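*Asks:* predicted model follows, preceded by the sequence.
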Amino acid sequence: MIGNTAVTLKGTTPPVFPQEIFDSIIDYLRTNSPALRSASLVCNAFATSCRRIAFYKITIDADTFKTLPKLIRQAPEIPTFVRELHIVGGHDDLFSELSLPPLLKEFKAIQRLRWKIFQHHSFSEWKWMPLEQREAFSALISQPTLTHLDLSGIVMLPIAELYSLNRGLHYLGLNNITIDTSPKQHLKGSTLGENLPQIRLEHAGLAFLQDETVEVLLSEQSPFDFTGLESCAVVEVGPAGNLVLQACQKSLQHYGHVFWRWIGPQTYTATLQRDIAAIGNLRSLTFLPVYSYKGMPTTKPMLDVLEAVCHSPSCALENVTIIIWTEHFRPPYKNIEIWKAIDLALSLPASLKKVTYIAPVHGRSGFSLEALQRGVRDIFPCIWKSGKAHLEIHSDNKGSEMNYWTIDFSVLSSFDRYSLHV
């Protein structure tokens with residue numbers, strides 16, 4: 001017997017297999033979408049297993065919204081399979097759709113939620129969002145199953161909304177968010193969070209946040225506890241970003257940092273050196289050296305931080321990842337002296353096991369793994385000779401320009417499959 005289809009001999013009892021058997025079989029097809037579609041036609045039991053995998057993660061945007069409501073009307077059980085939900089609105093009318101809030105309320109067992117509104121969208125400011133949409137948002141983030149939350153582009157998000165989050169939340173990603181901390185919202189939030197413990201985060205990604213927002217997140221009124229962070233990624237957060245490092249010095253193991261505009265104040269860089277070097281249990285560091293808006297290279301601040309960490313007597317670094325641009329690995333090499341000083345600093349820690357160099361390229365760039373090998377060999381001779389160099393080419397394979405804004409920064413916080421997106 002397979003599912004509801006039985007072929008038996010006269011006088012015999014058909015075997016009955018538990019659903020778990022079919023789940024195990026179908027799990028081998030997890031990454032093969034055509035095979036999953038074919039297997040779903042075998043029988044009801046196979047169809048259930050295939051849908052559980054195929055609809056584990058879905059994205060709702062202007063394109064998928066055209067077909068998703070009809071699909072769910074035809075198969076109402078689909079929302080019960082969804083565990084990872086991405087809602088992305090840009091310069092389109094997705095958030096104006098009256099049928100969006102009712103659709104979102106169908107998803108009641110979400111574990112990972114990403115809500116992204118592109119900058120300057122008419123509904124990026126909380127008070128201008130339709131009431132139905134705000135209610136749907138509140139219902140999603142307050143689900144007791146939620147463990148990962150990634151919010152992007154919301155202006156003046158009431159702090160009271162954050163008090164309703166599941167106390168089992170593990171990961172918080174905030175990108176270009178501002179928080180309404182008016183007395184009214186604080187009062188409402190404290191009422192919601194009364195007698196509830198703070199949310200003890202394990203992983204965080206913070207990008208393009210104002211100092212005031214970071215200070216609110218670390219304040220006594222905040223529903224979050226950052227002191228137990230194991231991994232953290234920081235993308236262009238100002239001097240207040242150091243306060244996050246100071247809060248989790250005893251627990252932090254993985255840290256990622258993008259050097260961009262905030263390389264300016266020397267006091268900030270010096271404080272960053274001190275705070276990172278003081279993390280005694282740091283196992284991995286990830287850097288993205290880019291060019292600031294004034295065209296100044298940012299490899300020097302990265303060198304300063306690496307030297308501070310690698311010269312520390314308590315250095316326990318095992319992995320360092322550097323996301324580089326192809327231009328750095330085409331002769332004549334830019335900033336060659338700084339790169340070689342970085343190479344020398346990386347050769348110091350006895351604990352270091354691997355240095356990963358990631359080159360994001362677009363499909364028609366002509367840049368190859370061989371070119372990356374030549375560049376690393378010339379610019380990082382010590383690491384190359386030690387055999388610790390690990391090279392990766394990340395391509396979109398579509399021929400479109402892959403730039404700073406299209407990189408998936410999940411590598412920054414060393415966290416599985418879900419992290420800060422910029």
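*Replies:* Yes, it's here.

*Asks:* contacts, neighbours, all on C-alpha from now
*Replies:* Fine.

*Asks:* per the annotation, how does the protein divide into domains?
*Replies:* Listed by automatic domain parsing, the domain ranges of the chain are 1-54, 58-226, 246-417.

*Asks:* export those domains to CSV and tack on mean pLDDT?
*Replies:* Supplementary listing: these in CSV, determined by pLDDT from 0 to 100:
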stretch, mean pLDDT
domain 1-54, 69
domain 58-226, 85
domain 246-417, 75
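
*Asks:* Serialize those domains to a markdown table and add fields for distance to E236 and mean neighbour count.
*Replies:* Below are these laid out as a markdown table (distance: least, C-alpha to C-alpha, whole Å; neighbours: other C-alpha atoms under 10 Å):
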| stretch | distance to E236 | mean neighbour count |
| --- | --- | --- |
| domain 1-54 | 35 | 14 |
| domain 58-226 | 5 | 18 |
| domain 246-417 | 6 | 18 |
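
*Asks:* nearest to A240, of those domains?
*Replies:* domain 58-226 (5.1 Å; C-alpha to C-alpha).

*Asks:* and stretch 27-42, how far apart are its ends?
*Replies:* End-to-end distance for stretch 27-42: 15 Å, by C-alpha to C-alpha, to the nearest Å.

*Asks:* and for stretch 351-369?
*Replies:* Where stretch 351-369 begins and where it ends lie 27 Å apart, using C-alpha to C-alpha.

*Asks:* which parts of the stretch 201-350 of the chain are helices?
*Replies:* Using DSSP state H, counting those that start in this stretch, the helices of the stretch 201-350 of the chain run over 211-218, 241-247, 266-277, 299-310, 336-346.

*Asks:* any residues touching the fourth one, and which ones?
*Replies:* Under the contact criterion C-alpha atoms under 8 Å, 6 or more residues apart in numbering, helix 299-310 has outside partners 259, 263, 269, 272-274, 276-277, 287, 289-290, 315, 317, 335, 338-339, 341-342, 345-346, 348-349.

*Asks:* would TSV of the helices of the stretch 201-350 of the chain with distance to F95 be doable?
*Replies:* Shown next, in TSV, are the helices of the stretch 201-350 of the chain (distance: least, C-alpha to C-alpha, whole Å):
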stretch	distance to F95
helix 211-218	25
helix 241-247	32
helix 266-277	39
helix 299-310	40
helix 336-346	46
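
*Asks:* re the thing from before, would you turn the domains of the chain into TSV with distance to V235?
*Replies:* Compiled in TSV, the domains of the chain are given as follows (distance: least, C-alpha to C-alpha, whole Å):
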stretch	distance to V235
domain 1-54	31
domain 58-226	4
domain 246-417	5
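
*Asks:* ok, which of those domains comes nearest V237?
*Replies:* The closest of the domains of the chain to V237 is domain 58-226. By C-alpha to C-alpha, the value is 5.5 Å.

*Asks:* just the endpoints, please. Distance across the closest one?
*Replies:* Start-to-end, domain 58-226 (C-alpha to C-alpha) is 29 Å.

*Asks:* please identify which helix or strand holds the residue found closest to F329 once you drop the neighbours it is linked to in the chain.
*Replies:* Distances taken as C-alpha to C-alpha, 6 or more residues apart in numbering put G375 closest to F329, at 4.6 Å, once the chain neighbours are dropped. G375 is located in helix 369-379, with elements delineated by DSSP states H and E.

*Asks:* now for that helix, which elements pack on it?
*Replies:* For helix 369-379, the packing partners by 3 or more C-alpha pairs under 8 Å, 6 or more residues apart in numbering; DSSP states H and E come out as helix 336-346, strand 389-395.

*Asks:* report the angle between the axes of it and strand 389-395?
*Replies:* 140 degrees (axes from the mean of the first three to the mean of the last three C-alpha atoms, to 10 degrees).

*Asks:* now what about helix 369-379, what contacts it?
*Replies:* The contact list for helix 369-379 (C-alpha under 8 Å, 6+ apart) reads 326, 328-330, 336, 339-340, 343, 359, 384, 391-393.

*Asks:* can you redo these as a markdown table with distance to K353?
*Replies:* Below are these laid out as a markdown table (distance: C-alpha to C-alpha, whole Å):
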| residue | distance to K353 |
| --- | --- |
| T326 | 24 |
| H328 | 24 |
| F329 | 23 |
| R330 | 26 |
| I336 | 24 |
| W339 | 19 |
| K340 | 19 |
| D343 | 14 |
| A359 | 20 |
| W384 | 12 |
| L391 | 14 |
| E392 | 16 |
| I393 | 20 |
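
*Asks:* show residues contacting the next helix or strand after the helix holding G375.
*Replies:* As assigned by DSSP H and E, the chain's next helix or strand after helix 369-379 is helix 381-386. Helix 381-386 is contacted from outside by K340, D343, L344, L346, S347, V355, V376, R377, A389, using C-alpha under 8 Å, 6+ apart.
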